[in-house]
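> Any chance you can model this:
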Amino acid sequence: MSILTSTFLTKHNTAPFSQIKLDDYQPAFIENIAAAKAEIDAIINNPAAPTFENTIEAMEFSGNALDRLSSIFFNLNSAETCEEMQKIAQEVTPLLTEFSNDITLNEDLFKRIKAVYEQKDGLNLFAEQATLLDKKFKSFSRNGALLSEDKKLKLREIDTELAKLKLTYGENVLAETNNYQLHITQESDLKGLPEGTIEAAHSLAKSLEKEGWIFTLDHPSYIPFVTYSDNRELRKKMAIAFGARAFQNNEFDNQEIVLKIAKLRFDRAQVLGYATHAHFVLEERMAENPEKVKTFSNDLLAKAKPAAQKEFAELTAFAKKLDGIDQLEKWDGAYYSEKLKQQLFNLDDETLKPYFQLEKVLNGAITIAGKLFGLTFTEIFDIDTYHEEVKTYEVKDEDNQLIAIFYADFFPRKGKRNGAWMTSFKSQYIKDSKNERPHISNVCNFTKPTETKPSLLTFNEVTTLFHEFGHGLHGMLANTTYPSLSGTSVYWDFVELPSQIMENWCYESEALALFAYHYQTDEMIPMELVQKIKESASFQEGMATMRQLSFGLLDMGWHGQDPSNIKDIKTFETEQFSATQLYPEVKENAMSTAFSHIFQGGYSSGYYSYKWAEVLDADAFAYFQEKGIFNKEVATKFKENVLSKGGTEHPMVLYKRFRGQEPKPDTLLKRAGLI
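As a prediction, the model looks like this:
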């Protein structure tokens, strides 16, 4: 019996990472799929009439070992992968897709679910049970249970192909990110770069037994380079390399894959009777349909565009005056924005970074969670991790009860994809009167400590840490009966509320006083710097809003219509960006080939949700500001009505229960300085 097919005999039932061998995965998937199938068969063959308990609830708790195995394997495939693991992923993904389709397209199973669904009004279910029944019925009816046999077969083919294409897409982006290095040997080419960035580049070169400095497309290397390097030609080189990932007609090219994914998603929606993939997805979102998303996006665009154009004109004039630049290019944006910000606010990331040592920022987020939600985090050293850099914590409540296990994984590595995300290794649920607590992970890519400096964060990275920690709290504080409604299992345009609201504390002097201390002198961040952070919060907000909206509109472009006529990705993107474009087009670059959020992650037809959730978060935080940012009463209402409730009820019902009203969009526009 494999370690991955039995109960873990570990502390808090945590994943025994060090005992898992790569060879264990495939046999474990096969065995766990067979066990889950047997559980489903038992439900179908139950001679008793279908009831909520023997059908809906029994299904909800089936396949537990398979879910756990999948979360471990696919989390590691994102955070600590290798070629062999990617190969296993390509082999097991079709098996999982087939198993998932075997369930959704099983007529006998659907008959039982339908029988329960048809008597729901007389069942006296509490809110969470009613939601579960509704979700189970819809997950079948929306995914092919009512189709004819030939259409079911077509759906299976599409799903299998899609699953494999998404994996390959992600592998190509990772390979392209890893394959590029800018090797600098002349010290004069480092002009403008922060000392810490130079030191990290030198450490990397040394580890690769090379002279000089090596810069990569990993965010902690790439972002400071294009923001601070005085060498315009080298900024251009880096920016073009970043924007050309998987768009180079080589073995890692994603152009065909993007066209195939978009077309398959459209075909799938058509088979299921929906006009487009976006219509299918948005039926189960707060936004409800593509028209609403487009109206929402275009309304915001109309308000942001004049501000963005004015900001861009100011930036252009500034670059012209400073360096005689006639035409701002994409590789100039971050560089001159940073210079202008320094001039306007006398504030730059290098002044701020010494006050944002990673460990202190994390402790700040933890302290704030304690003040708001009564949580304590204690670092522990006696549970397994998948890499020596991963830290682990026991999270307890005011009664000293275990709330969650928290994993923190903060630095870039070869086997780790770019970006930042929250995930879980074990869900929260209640079964047989036992509240199973979740195992939550935050994964980021921050600058590693060097021989002379600890990991120091830019302010943007500080907000990233708080953002992911907010998702983490959503997972940790989950308190629902059913795993599929627990934690972050909510409507996709609601999932960003807990993460985005946490970012607000980063701008408050009362919160910064808890963690912003100089790493050498231990002096607290001066209040004038805090004031400048607040004043600069809406700096170039018009351009930032327009950029975010452009990504959402590109997403809707791919998924809100029939993509069959799209033959060339570059031409299509140029059309989609026409309303939001400020910088000249870069012919070597494309967005879609490395837009992992929508082509590999879960954001297809959902990228707008960042802006949607910003409306919620601005409105929700205004409530905290009204009553005090550490007000226990407001925090408890947020915890009890939003964070702990998961997807047990409609998000707007939960939000109104917390806030007492629907969110007001003007709160966001005011905060952004757009009205």
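
> contacting residues for residue 267?
154, 158 (C-beta atoms under 8 Å, 6 or more residues apart in numbering). Any C-beta I mention is one placed from the backbone N, CA and C, and that applies to glycine too.

> give me the element it is part of.
Using DSSP states H and E, the secondary-structure element containing residue 267 is helix 255-271.

> And the next helix or strand past that helix?
With elements assigned by DSSP H and E, the helix or strand that comes after helix 255-271 is helix 277-282.

> Can I get that following helix as PDB, trimmed to CA atoms?
Extracted in PDB, the C-alpha atoms of helix 277-282 (Å, rounded to 0.1, in the frame of the first residue of the first chain):
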ATOM      1  CA  HIS A 277     -17.600  30.100 -23.000                       C
ATOM      2  CA  ALA A 278     -18.200  33.400 -21.200                       C
ATOM      3  CA  HIS A 279     -22.000  32.800 -21.100                       C
ATOM      4  CA  PHE A 280     -21.300  29.400 -19.600                       C
ATOM      5  CA  VAL A 281     -18.900  30.600 -17.000                       C
ATOM      6  CA  LEU A 282     -20.700  33.800 -15.900                       C
END
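
> now for that helix, which elements pack on it?
If you count contacts as 3 or more C-beta pairs under 8 Å, 6 or more residues apart in numbering; DSSP states H and E, helix 277-282 packs onto helix 255-271, helix 290-323, helix 541-559.

> which one is residue 445 nearest to, not counting chain neighbours?
In space, not counting the residues next to it along the chain, residue 445 is nearest to residue 412; the distance is 4.3 Å by C-beta to C-beta, 6 or more residues apart in numbering.

> What count of nearby residues applies to that neighbour?
By the other C-beta atoms under 10 Å criterion, the neighbourhood of residue 412 contains 19 residues.

> Pull the contacting residues for it.
218, 219, 220, 221, 418, 445, 446, 448.

> and those residues as TSV, adding neighbour count, secondary structure and pLDDT?
Below are the contacts of residue 412 laid out as TSV (neighbours: other C-beta atoms under 10 Å; DSSP: H, G, I helix; E, B strand; the rest coil; pLDDT from 0 to 100):
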residue	neighbour count	secondary structure	pLDDT
218	23	coil	94
219	21	helix	93
220	23	helix	92
221	22	helix	96
418	20	coil	91
445	22	coil	96
446	21	coil	96
448	19	coil	92
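
> what's the closest of the residues you listed to residue 465?
When the contacts of residue 412 are compared for distance to residue 465 (C-beta to C-beta), residue 446 comes out closest, at 7.7 Å.

> What sits closest to that closest one if chain neighbours are left out?
residue 410 (5.0 Å).

> same check, this time on residue 198
Take residue 198 and drop its neighbours on the chain: the residue closest to it by C-beta to C-beta, 6+ apart is residue 190, 5.4 Å away.

> I'd like the next helix or strand past the lengthiest strand in the chain.
Under DSSP state E, the strand in the chain containing the largest number of residues is strand 402-409. Reading on from strand 402-409 to the C-terminus, the next helix or strand found by DSSP H and E is strand 421-426.

> List the strands paired with that following strand, with their directions.
Taking DSSP bridges as the criterion, strand 421-426 sits next to strand 439-443 (antiparallel) in its sheet.

> Dump the partner strand to PDB, restricted to CA.
Backbone C-alpha positions of strand 439-443 (Å, rounded to 0.1, in the frame of the first residue of the first chain) are rendered in PDB as follows:
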ATOM      1  CA  HIS A 439      -3.800  23.200   5.500                       C
ATOM      2  CA  ILE A 440      -3.200  26.500   3.700                       C
ATOM      3  CA  SER A 441      -0.200  27.600   1.600                       C
ATOM      4  CA  ASN A 442       1.000  31.000   0.400                       C
ATOM      5  CA  VAL A 443       3.500  30.800  -2.500                       C
END
